[in-house]
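Asker: Please find the sequence and the predicted model below.
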Amino acid sequence: MHEIIFFLLEIGVIIGSLGVVLLNNIVYSAFFLGLVFFCISLLYFALNADFVAAAQILIYVGAVNVLIVFAVMLINKPDSKKNFPSWTIGDKITFLICLSLFSLLVNIILNIPWFNITLITESKPLLEIDFTKNVQRIGYLLLTQFLLPFELLSIVLLVALIGAIFLARRENLIKTKEKKELQIEKNSTNF
C-alpha cells in the first residue's frame, strides 16, 4: 500500500511539474504549481515528517501559491504581449544547464542503493506516531540552537518585502507622473 501511495504522489508531482512548465496560460501554471506543492506535502506525510508536511501546506500551498495566483491575475494584461525571439542565447545556455543538472540527478538516483535506506522500508504507520514530540523538538531547536539563522531569515524576508513595496510604489509613481505630463501636454495643445 505504501508503494502505491508513493507512486500516485510521484505521478501527481510529475504531471503538475509538466503542467507548470508546458502550459502557456500562466494562471493554469500557477494552479499546477499548487498541485505540485500539495503532492510534495503528502509525500512528507507518508515519510513521517509531519511538521515539514504541515509547513509545506501552510506556507507553500496556502501562502506562496495563493500569492502567485493573485499577483498573476492582477498583472496579467492581454494587451502587453510582445514578440520575443523563440530561442535566444540565454535560452540555449539555460537549456544546457538544466539538461546537465537533470542528467546528473538521474545518474545519482540510479546509483544510490535504495534498499539500504531503512527510513522508507521501516517507517511506522501514520496512526502510530506521536506528532507532538517532533513539533516540540523543532520548536525548541528553532528558539535555542537555530535562533540566529531564524532571525536572519526573517530580516532577509522583511528586506525583500520592503524592496518589493518600494519597486511597486516607484512604478506607480512613474505611471502617475507620465499621466500628469500627458494631461499637461493635452491641455497646452487645447489652448
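Answerer: Yep, it's here. Numbers count the residues shown, from 1 in each chain.

Asker: Give the buried residues for stretch 10-26.
Answerer: For stretch 10-26, burial by neighbour count (16 or more other CB atoms under 10 Å) applies to 12, 13, 16, 19, 20, 26. C-beta here means a position set from N, CA and C on the backbone, and glycine is covered the same way.

Asker: For the chain, just list every one of the helices.
Answerer: All helices of the chain, identified by DSSP state H, fall at 2-22, 26-46, 50-55, 65-75, 89-111, 118-121, 131-143, 147-190.

Asker: Please render those as TSV that adds mean pLDDT to the earlier fields.
Answerer: Shown next, in TSV, are the helices of the chain (pLDDT from 0 to 100):
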stretch	mean pLDDT
helix 2-22	90
helix 26-46	89
helix 50-55	84
helix 65-75	74
helix 89-111	89
helix 118-121	53
helix 131-143	74
helix 147-190	76
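
Asker: just those helices: most buried one?
Answerer: helix 26-46 (a mean of 18; mean count of other CB atoms under 10 Å).

Asker: ends of stretch 40-52, how far apart?
Answerer: Stretch 40-52 has an end-to-end distance of 10 Å (CA to CA, to the nearest Å).

Asker: try stretch 19-33
Answerer: 8 Å.

Asker: and it, how far out from the chain's middle?
Answerer: Put simply, stretch 19-33 sits 12 Å off its chain's centre (CA atoms, centre = their mean, to the nearest Å).

Asker: who touches that stretch?
Answerer: With CB atoms under 8 Å, 6 or more residues apart in numbering as the test, stretch 19-33 has contacts from 15, 16, 17, 35, 36, 65, 68, 69, 72, 73, 76.

Asker: For the fifth one, give me its contacts.
Answerer: Read that as residue 36. By CB under 8 Å, 6+ apart, the contact set of residue 36 is 12, 13, 16, 17, 20.

Asker: can you tell me which residues contact the closest residue to it other than its chain neighbours?
Answerer: Nearest non-adjacent residue to residue 36, counting by CB to CB, 6 or more residues apart in numbering: residue 16, 3.8 Å away. Residue 16 makes contacts with 32, 33, 35, 36, 39, as judged by CB under 8 Å, 6+ apart.

Asker: which of the residues you listed lies closest to residue 169?
Answerer: Of all those, residue 169 sits closest to residue 33, with 27.4 Å by CB to CB.
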